[in-house]
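Engineer: the sequence isn't on hand, but the structure is:
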Ligand SMILES: Nc1ncnc2c1ncn2[C@@H]1O[C@H](COP(=O)(O)OP(=O)(O)O)[C@@H](O)[C@H]1O
Ligand SMILES: [Mg+2]
């Protein structure tokens, strides 16, 4: 794939990440052009979540560099939004759906400054967009899995970022919500945003995404879905023959 | 009330409030036991600080002890990171070690140090008014009032300034990190404030009871609200309540003040645990019953709507047709009747106008399953509560 540098949303060189000295990502090189809706696929434990966390500086890599629009992440925070994998937050925390969505605005506020009417308004708009306005005062544990996922999508929306990372947003979500979420993601892509989504359901990759990265500790392939989403790469990634699973 | 009595209550109330603030965040971070570790392991810090300053209320002594507290947290986390033991084990390893160093230091220097183990464990609130802050000839009140007051002011200011940061990093560390807030800094900030607070309150209520003041108000408030702000306000109120009621209880029973305060907190927690409107044990039982009743009502009304045949709708046949106990059938019929959902004519039950409307909407809800429909129906349901 020949992607010109200036159009790159993300450029990763020689990235290696380890937990307790055990490498879980080996020497990753990855170029993600701006404006794609990209799936990251790979088996459990392939390091998909770790890759996102390393890009976002949540985990420190032991080697390699990550550039967002050509600059280090630290200077580009405002341009990036992140929807974590379910179960990484405390669901019993005394907070409401609206409150959680408001947290998306904290980054633009910086330290100490408190959210006000403007932040509240954009949070309400985001809730409306994901169809969750009626639940704004619910404690978050009293929402279904799909509803919780919508709340986190809304939180990413208020960040008004250029790049969105989502870690398995369809996990434990009903079909209606999945369709609603993918519709919003496609709208965002059409508006020029870059979206990077960890995805498990290989069947829906061609329908949902236009870009894909195969990952299993090492980067296996990355490019347009129509060019590289094939049995060969799936077999390399999952280690078994995927012909049956993918071809109808 | 004498001045001394007022002063003691004031100190107790301020100590309880100062403890409640970090307590809320420790409870939410599931780190309540770390306060236990800190409260014990600050002992060597206190003793060494006392050697240097010769003054139990010196700010330097408080700072030194607080450093020991933070050190405890660092040690616990270090041991935990090795993954050889779990967090509670790590806590259990660290604080007895540090505490015993403190005990040995006291024993070795018993003649020079006016610290005794009883006071360390249980505090001496009743004596607090005797140790006064004097500037020249001017009496500014008990020293510990100033100490705990300053600490409360400090943690209140920090809370107000960094409320948003504390909330976010407690709820979702990943988000806090990715937005450029340092959860590590906030974590150690919280640990430092906790340590300083524990050292300050420790003088008044002792090492064991300071833990109760930290955990109990927050744990009680947690059962009562879905809002962090309300949880903080409730914790502060519970703290003050326990101080005042605890004081008079102690006065009346001629018992330890700190002990009475803790008992009040314990009883308060128990009451809330049983009777809290949303999460209490009793309300949970009641709610389940209510829900079962509501579902039965729905099933019953849908049955009526479904069946034209009067035999299916005869009062006496209801029981066998939907297979209910007589009591359950009677409760449901009564509930439906009380809410004007049905009319009974010659022992045959008919849906009323309202009942028809309701079943129609319920069906809509069941078939479409739209979130808004659920909300509407829920509102309707509340109208129906008998
Ligand atoms: N906090 C952690 N500490 C140690 N090992 C971890 C941690 N998180 C993940 N791992 C390990 O790193 C590997 C990759 O994990 P992860 O990135 O979550 O995979 P994926 O998201 O692809 O399922 C797995 O082997 C996992 O066990
Ligand atoms: Mg994962």
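Structural biologist: Sure thing, it's come through. Source: prediction; values computed, not measured. Ligands and ions are numbered 1, 2, ... in the order given.
Engineer: tell me where chain A has strands.
Structural biologist: Counting by DSSP state E, chain A has these strands, from start to end: A:8-19, A:22-33, A:37-41, A:63-68, A:80-83, A:163-167, A:194-198, A:211-216, A:218-224.
Engineer: to chain B, which of those strands lies closest?
Structural biologist: strand A:80-83 (4.9 Å; CB to the nearest CB). The C-beta positions use only the backbone N, C-alpha and C, and glycine is treated the same way.
Engineer: so which elements touch the closest one?
Structural biologist: helix A:145-158, strand A:163-167, helix B:173-178 (3 or more CB pairs under 8 Å, 6 or more residues apart in numbering or on different chains; DSSP states H and E).
Engineer: pLDDT on it, on average?
Structural biologist: What strand A:80-83 shows for mean pLDDT is 90.
Engineer: do I have it right that residue B:14 meets residue B:149?
Structural biologist: Yes - taking contacts as CB atoms under 8 Å, residue B:14 lies within contact range of residue B:149: 5.6 Å.
Engineer: quick one: which of the two has more around it?
Structural biologist: For residue B:14 versus residue B:149, neighbours defined as other CB atoms under 10 Å in any protein chain shown are more numerous around residue B:14 (25 against 18).
Engineer: the closest residue to the more buried one other than its chain neighbours and residue B:72, how far apart?
Structural biologist: Spatial nearest neighbour of residue B:14, chain neighbours left out: residue B:148 (4.7 Å); criterion: CB to CB, 6 or more residues apart in numbering or on different chains. In this view, residue B:148 and residue B:72 are 21 Å apart by CB to CB, to the nearest Å.
Engineer: neighbour count: those two, which is higher?
Structural biologist: Neighbours were counted for residue B:148 and for residue B:72 using other CB under 10 Å; residue B:148 has more, 29 against 26.
Engineer: what comes up buried for the helix or strand where that one lies?
Structural biologist: Here residue B:148 sits within helix B:143-171, counting by DSSP states H and E. Neighbour-count burial for helix B:143-171 flags B:143-145, B:147-152, B:154-155, B:158-159, B:162, B:164-171 (criterion: 16 or more other CB atoms under 10 Å in any protein chain shown).
Engineer: between the two ends of stretch A:71-91, how far is it?
Structural biologist: End-to-end distance for stretch A:71-91, by CA to CA, to the nearest Å: 34 Å.
Engineer: endpoints of stretch A:217-228, how far apart?
Structural biologist: End-to-end distance of stretch A:217-228 (CA to CA): 19 Å.
Engineer: get me the contact residues on chain A for chain B.
Structural biologist: A:20, A:53, A:56-58, A:74, A:77, A:80, A:82, A:84, A:88-90, A:93-96, A:99-100, A:103, A:106-107, A:109, A:111-112, A:114-115, A:131-132, A:134-135, A:139, A:147, A:155 (CB under 8 Å from any CB of the partner chain).
Engineer: pretty sure residue B:352 contacts residue B:339?
Structural biologist: No - applying CB under 8 Å as the test, residue B:352 and residue B:339 come out as separate, 9.2 Å apart.
Engineer: number of nearby residues for residue A:85?
Structural biologist: Counted with other CB under 10 Å, residue A:85 comes out at 18.
Engineer: isn't it up against residue A:171?
Structural biologist: Yes - here residue A:85 lies in contact with residue A:171, judged by CB under 8 Å, at a distance of 7.2 Å.
Engineer: for chain B, which residues score under the pLDDT cut-off?
Structural biologist: B:56-57, B:110-123, B:318-323, B:368-386 (pLDDT under 70).
Engineer: what about stretch A:55-70, distance to the chain center?
Structural biologist: In this view, stretch A:55-70 has its centroid 15 Å away from the chain centroid, taken as CA atoms, centre = their mean, to the nearest Å.
Engineer: and it, what's buried?
Structural biologist: A:55, A:56, A:57, A:58, A:59, A:61, A:64, A:66, A:67, A:68, A:69.
Engineer: and if you look at stretch A:142-158?
Structural biologist: So stretch A:142-158, judged by 16+ other CB under 10 Å, has buried residues A:143, A:146-158.
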